[in-house]
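> need the 3D shape of this:
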Amino acid sequence: MEKFGGDAAQFAALIVQRMQDLGAQATYDPDEFRILLPDGHIYLGNIFREVADLPADEREERIARFLDAVQDMDEPDSWPQVRPALRPIMRPSTFGQHIPDEDMRVITRPALPFLHELVAVDLPNSRAIVSTATLDRWGVTADDVFAAAHENLTAMVGSRGIKQSGILRFVDNGDGYCTSWPLIPGWLAGTGDGEHRPIAFLPDVDTLLITPDTGDLGPFFELVERQYRDAVRPISPQGYTIDDHGAVIPLDQSPHHRHLPFVQRARCGLAVTEYDAQSTALNDDLDDDLAFDHHEDLDPAFIGSVMFAQDDSGPFTLTIWGEGVEYLLPEADRIVFCRTDENNEMETLFAAPFATVAEITGLTPIPGMTPRRYEVRHWPDPNTLTQLQSAAITR
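Numbering: from 1, shown residues only. Below is the predicted model of the structure:
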C-alpha cells in the first residue's frame, strides 16, 4: 500500500485515487479535508485518524472498508426514516461557507461566538451533513431538523450531565457526538463535582474535556491550544462555562472567571483563525469570479485582517482602517487608523475600541456574512475623525 506518512494531503490524494479507480468522480477539498462527489461530500478526518498509526495491512483493510461504506452510503429519503438518525454537531462558523452552490450549503445556526451548530445524519458506516437541498427533499424546515437532532441526542445522553469530580475526558468513536453534549440545555450545568463551575473545552471534533474551575488552569489552556492547532478538524481553543442560569457561555463572558490572560488569548486565537479562513475564501471568490459568492451585489473591496496583539492589559485583536482604501472590515477589539504621510510612508494616527467606532460612524454588519464584516467605502470626514480620536485608547 502507498504510504502517506501521517500527512493529511497525501492521505487525501490516496483516497481520491482509490475512489477514481472505482469509477467515482472524486476531487479533494483541502480547506474542509473532504472528498467532493457529484451528489455530496465525504469528510476524511475520522478515517485519517483511525488509520494513521495502524500497521500497513490493517490500514489497507480499514481503508477498503471505508471505501465500501462510501459506495454503499445511501441517506434515507423520507423524513420519518431519517428523523431518528439526526444529531447536532458543533463546527467553526466558517465551516462549509465556500461551497458556491446554495443547494449544497449546509444548514447552520449560531451556537457560540465563532461556532455554529449543524446537523448530521448518523449512518451505519458514515455521517452526512444536512444541506438546503436535503431539507427540500424531506419537506421540512431547518427548525424541524434542529429540534429532532436535539431530541435524539438528549435521549442518548440525558440532560442532567455527569456527576463526577476531577478532569473528565471524552474521545468520540464516531457514534458518541461528545462535543455536542454541551448543546443540550442543562447538561454542562449538571456536570462536575457540584461545587465548582465546570469548564468545557472542544479542541477538535472528537474531543471534549471538562475541568472544574479550580487550581492553576494555565497548563490546561496550553494543552488545549496545542491540540487545537494540531487538529485536522479543530473546533475551538476557548473554554466554555455556565452563567448563573445554567446557559453555556464562553469563559471570557463569565464574571466569575479568574484566568484572564489565558482566556483572552484563546478568544483572540479563535477570532484570528476564523477571520483568516473567511479572508481566504473571500479572496478566492475575487480571484475566481471578481465577485463574492452569496454576496454578488457587494462590490469588491480589500478584505481586512484580524491580528493578535498584546499589551499590559492582556491579549486583544485589532484591525486596520487606512485612508484611501475600501474595506470589508472585520470585527476586532480595536481599530487602528492609518494614513500615508508626506513622505509616502504609512503612519498610525490612533487606535479606538471597535464598538465606539461602530457607534460614531454608523457601521452595520453586512447581512448574511459570518463572521461579521462591515462595508467601509470612505475615510471618516474631519469632524468624525475628531470624535474618533477623542475616543482613542491612550495606554
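> drop to CA atoms for contacts and neighbour counts, all remaining ones
OK.
> buried stuff in stretch 345-353?
Neighbour counts over stretch 345-353 (16 or more other CA atoms under 10 Å) mark Phe350, Ala351, Ala352, Pro353 as buried.
> and which of these is nearest to Gly314?
Pro353 (14.7 Å; CA to CA).
> surely the closest one touches Ile335?
Yes - using CA atoms under 8 Å, Pro353 is in contact with Ile335, at 6.3 Å.
> would you map out the domains in this protein?
1-73, 76-157, 159-258, 270-390 (automatic domain parsing).
> and those domains, which one's lowest on average pLDDT?
The minimum mean pLDDT among those belongs to domain 1-73 (a mean of 78).
> longest helix in the protein, by residue count?
As assigned by DSSP state H, the longest helix anywhere in the chain is helix 260-289.
> which ones are touching Phe201?
Neighbour list for Phe201: Leu208, Leu209, Ile210, Val224, Ser236, Pro237, Gln238, Gly239, Tyr240 [criterion: CA atoms under 8 Å, 6 or more residues apart in numbering].
> now do the buried residues in stretch 205-224.
Buried residues in stretch 205-224, defined by neighbour count with 16+ other CA under 10 Å: Val205, Asp206, Thr207, Leu208, Leu209, Ile210, Thr211, Pro212, Asp213, Phe221, Val224.
> likewise for stretch 41-54?
His41, Ile42, Tyr43, Leu44, Gly45, Asn46, Ile47, Phe48, Val51, Ala52.
> which of those residues sits closest to Met156?
Asn46 (21.1 Å).
> show me how far stretch 53-60 is from its chain's centre.
Chain-centre distance of stretch 53-60: 31 Å, with CA atoms, centre = their mean, to the nearest Å.
> from now on call the first residue 217
Okay, using 217 as the starting number, the last item reads as stretch 269-276.
> using CSV, list the CA coordinates for it.
These are the backbone C-alpha positions of stretch 269-276, laid out as CSV (Å, rounded to 0.1, in the frame of the first residue of the first chain):
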residue,chain,number,x,y,z
ASP,A,269,-0.9,4.7,13.3
LEU,A,270,-2.1,1.3,12.1
PRO,A,271,0.3,-1.3,10.6
ALA,A,272,0.2,-1.4,6.8
ASP,A,273,-2.0,-4.5,6.4
GLU,A,274,-4.6,-3.2,9.0
ARG,A,275,-4.5,0.2,7.4
GLU,A,276,-5.3,-1.3,4.0
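> which parts of it are buried?
For stretch 269-276, a neighbour-count test (16+ other CA under 10 Å) marks Arg275 as buried.
> over to stretch 229-246?
Leu230, Ile231, Val232, Arg234, Met235, Ala242, Thr243, Tyr244.
> beta partners for the spatially most central residue of the chain?
For the chain, the residue sitting closest to the mean C-alpha position, by CA atoms, centre = their mean, is Pro308 at 0.8 Å. Here Pro308 sits in beta bridges with Leu331, going by DSSP bridges.
> list the contacts of it.
Going by CA under 8 Å, 6+ apart, the list of residues near Pro308 reads Phe330, Leu331, His332, Pro450, Ile451, Ser452, Glu490.
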